[in-house]
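[1] Turn this into a model:
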Amino acid sequence: MLKLIGALLVIGAGTLAGFYQAQQFAVRPRQLRELILALQRLETEISYGFTPLPDALERISASLRDPLKSLFAQAAQYMRPDYGLSAQDSIRKALEDYWKRTSMRNAEREVMEQLSGVLGTSDRQDQMKHIALAAQQLKHEEEAAREDQAKYEKMSKSLGLLIGALIVILIF
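    Numbering: from 1, shown residues only. Below you'll find the model as predicted:
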């Protein structure tokens with residue numbers, strides 16, 4: 001009886017691990033799309049609204065879901081006089097704090113870090129060009145993420161179950 005319960009627990013754990021990995025493949029394209037839309041909104045705030053960067057990041061964070069909401073809000077907070085960090089330092093610090101919560105990879109983080117070096121240090125036109133370039137790079141990453149999702153989401157679910165079954169077979 002105990003062996004059966006143990007076997008079911010192992011198979012269940014393997015299946016849950018597979019479903020968790022499949023969820024990561026499904027969430028990544030959505031988060032990338034949300035990040036692209038946030039950058040496009042930032043571009044609009046800078047070009048048409050003449051909004052200061054901390055205020056723009058705060059407004060954008062209000063329309064996002066976590067973890068991107070927290071990332072943008074924290075970057076805006078780091079730019080406030082309480083912390084007094086530059087735009088680059090505040091965005092990089094927010095990335096350090098919140099990037100692990102996202103399903104995104106290092107390529108997307110590098111795009112954001114490169115963009116942080118330009119925000120607040122160059123004129124409006126240059127910032128808009130860099131934001132558009134970053135959004136374009138993220139669109140390519142989104143396409144790759146959708147391809148990965150199509151390839152690996154279903155496989156991850158099946159593989160989790162099969163690995164759990166394999167462990168049960170090897171143990172018992």
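
[2] Please state the offset of the longest helix seen in the chain from the chain centre?
    Longest helix of the chain, by residue count under DSSP state H: helix 124-171. How far helix 124-171 lies from its chain's middle: 11 Å, per Cα atoms, centre = their mean, to the nearest Å.

[3] what's the answer for stretch 33-45, then?
    Here the centre of stretch 33-45 is set off from its chain's centre by 14 Å, with Cα atoms, centre = their mean.

[4] Could I get the CA-only coordinates of that stretch as PDB?
    Only the C-alpha atoms of stretch 33-45 are listed here, as PDB (Å, rounded to 0.1, in the frame of the first residue of the first chain):
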ATOM      1  CA  ARG A  33       4.100  40.900 -25.900                       C
ATOM      2  CA  GLU A  34       3.300  42.800 -22.800                       C
ATOM      3  CA  LEU A  35       6.900  44.100 -22.600                       C
ATOM      4  CA  ILE A  36       6.800  45.200 -26.300                       C
ATOM      5  CA  LEU A  37       3.500  47.100 -25.700                       C
ATOM      6  CA  ALA A  38       5.000  48.700 -22.600                       C
ATOM      7  CA  LEU A  39       8.000  49.900 -24.600                       C
ATOM      8  CA  GLN A  40       5.700  51.300 -27.300                       C
ATOM      9  CA  ARG A  41       3.700  53.100 -24.600                       C
ATOM     10  CA  LEU A  42       7.000  54.500 -23.200                       C
ATOM     11  CA  GLU A  43       7.800  55.700 -26.700                       C
ATOM     12  CA  THR A  44       4.500  57.500 -26.900                       C
ATOM     13  CA  GLU A  45       4.900  59.000 -23.400                       C
END
